[in-house]
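A.B. asks: no FASTA, just this:
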């Protein structure tokens, strides 16, 4: 699944995937560092920070223009693709998606 992180947005080439092993090809097209994590929806956040214990998978910090991969085994349900950099989720850097 191709996923792009920008400055306070997340885009993906699909809004749903089949349950099982999913590989996310992640590109940071933003001007600052971003990183992708997957969490059940709705994401747990307190004081502007995401609850990292709820992450199902977490990628690496990606500098501007960098790319990477994130792999996860996902069960059917509703999830959010989020940027785990502090403050980015609360600024709107998230995307809902579904696993069938």
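C.D. replies: Received the coordinates, thanks. All values derive from a computational prediction rather than experimental measurement.
A.B. asks: which residues does residue 36 contact?
C.D. replies: Counting by CB atoms under 8 Å, 6 or more residues apart in numbering, residue 36 touches 3, 5, 10, 24, 26, 58-59, 62, 70, 81-84. Bear in mind the C-beta positions are built from the backbone N, C-alpha and C, glycine included.
A.B. asks: List the contacts of residue 59.
C.D. replies: 24, 26, 35, 36, 37, 68, 69, 70.
A.B. asks: Please pull up the helix or strand immediately following the helix or strand harbouring the second one.
C.D. replies: In other words, residue 26. According to DSSP states H and E, residue 26 maps onto strand 20-28. Counting by DSSP H and E, the element after strand 20-28 in chain order, helix or strand, is strand 36-40.
A.B. asks: what pairs with residue 57 across the strands?
C.D. replies: With DSSP bridges as the criterion, residue 57 is bridged to residue 38.
A.B. asks: Residue 77 is in contact with residue 99, correct?
C.D. replies: Yes: counting by CB atoms under 8 Å, residue 77 is a contact partner of residue 99 at 5.7 Å.
A.B. asks: Neighbour count for the two, which is higher?
C.D. replies: Set residue 99 next to residue 77 and count neighbours by other CB atoms under 10 Å: residue 99 wins out with 17 against 12.
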